[in-house]
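> Provided below are the primary sequence and the corresponding predicted coordinates.
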Amino acid sequence: MERPLGTIEQPRSLPIKKIVQENANVRTFYFATEMKAKPGQFVIMWIPRVDEKPFSVSVNEKGTLGLSIADVGRFTHKLFTLKVGDYVGIRGPYGSWFKLEPRAKRILLVGGGYGVAPLAYLAEQAKHAGIAVDFCIGARTKDLLMFEKRLRDLKATLHVATDDGSAGQRGFVTEAANACMEKNTYDSVYVCGPEMMEKKLVELCAGRTIPCQVSIERYMKCGFGICGQCCVDGSGARMCTEGPVVTGEYASKQTEFGSYHRTGSGMKQYYHGH
């Protein structure tokens, strides 16, 4: 595995520098720290006497690290009670990342829910490299959309979809992405979000022979390939090291991709429709 320079294997105690409410469920927690994290990689946050959890990097610039986090469980409930100045532990970065092709001219990014977070970071790198960016963002409702202003300020071509039609077009973000692929030519497609959405995009890209990269989220404990908690059926690959970002072709060969994932106890939990 290619390890980034400056990987922190023990938690570094850092104070929260700033907290921004991104939507009804997500806040971005900012820390003043230098970290050589790339888009798609993750860090592991530690709250003493609570737990450790992995989170994708959404902001990494000018000595500032940002983690955009949804309030979904015991750990994040506790995190959302913390204030500016409170300390948490951070270690990493870990895992593989989204890679831009040097000769790419135009790319499509597709994010669902808080899957938009690492892709927004990727969009910034792509624009700085002179690559045109089309970005499809989706959510159940307008109140759950993320980073619209950030992406418009970046001059990305934005396509918004909500399940209920409260913002952008009514329907799934996969439909918006499919419409983009029918109209435009892309050098690559990058996907992050709910796994059923990811599987559909992988299939659409395969049908058009467009290279695709996708982030596969799994239950991660150690972050560096020792515990085996995040291994996927089909290859046994560890999503904290060989992943979380893999090619669409690789993802489609994993028997559990788009079908089920495993809980913290190792039990299979099937996605809706399986």
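Everything's here; your move. In this text, all values refer to a predicted model and were calculated from it rather than measured experimentally.

> Of all the residues in the helix or strand harbouring Thr174, which ones are buried?
Thr174 is part of helix 173-183, with elements assigned from DSSP states H and E. Within helix 173-183, the residues that count as buried by 16 or more other CB atoms under 10 Å are 173-178, 180-181. For the C-beta atoms, the positions are set from N, CA and C on the backbone; glycine is no exception.

> same check, this time on stretch 19-38
22-23, 25-31, 33, 35, 37-38.

> Mind checking which of those land in strands?
Among these, the members found in strands (DSSP state E) are 26-31.

> Pick the one among those closest to Gly193.
When those are ranked by distance to Gly193 (CB to CB), Val26 comes first, at 13.2 Å.

> Quick check: closest non-adjacent residue to the closest one.
With CB to CB, 6 or more residues apart in numbering as the criterion, Val26 has its nearest non-adjacent residue at 5.0 Å, and that residue is Ala70.

> repeat for Asn178
Distances taken as CB to CB, 6+ apart put Leu204 closest to Asn178, at 5.7 Å, once the chain neighbours are dropped.

> in which helix or strand would I find the one you found?
helix 195-208.

> Next: Val246.
In this structure, Val246 sits in strand 245-247 according to DSSP H and E.

> so Lys99 touches Tyr190, yeah?
No. When contacts are counted by CB atoms under 8 Å, Lys99 is not listed as touching Tyr190 (9.3 Å).

> Need the residues touching each of those two.
The contact sets of Lys99 and Tyr190 overlap at Gln213 (CB atoms under 8 Å, 6 or more residues apart in numbering).

> any low-confidence regions in the stretch 51-200 of the chain?
Applying pLDDT under 70 to the stretch 51-200 of the chain picks out no residues at all.

> and Pro244, how far is that from Pro54?
Here the criterion is CB to CB, to the nearest Å. By it, Pro244 lies 9 Å from Pro54.

> Kindly report the same for Ile19.
19 Å.

> could you dump the buried residues of helix 173-183 to TSV with distance to Leu109?
Compiled in TSV, the buried residues of helix 173-183 are given as follows (distance: CB to CB, whole Å):
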residue	distance to Leu109
Val173	11
Thr174	13
Glu175	16
Ala176	12
Ala177	9
Asn178	14
Cys180	10
Met181	12
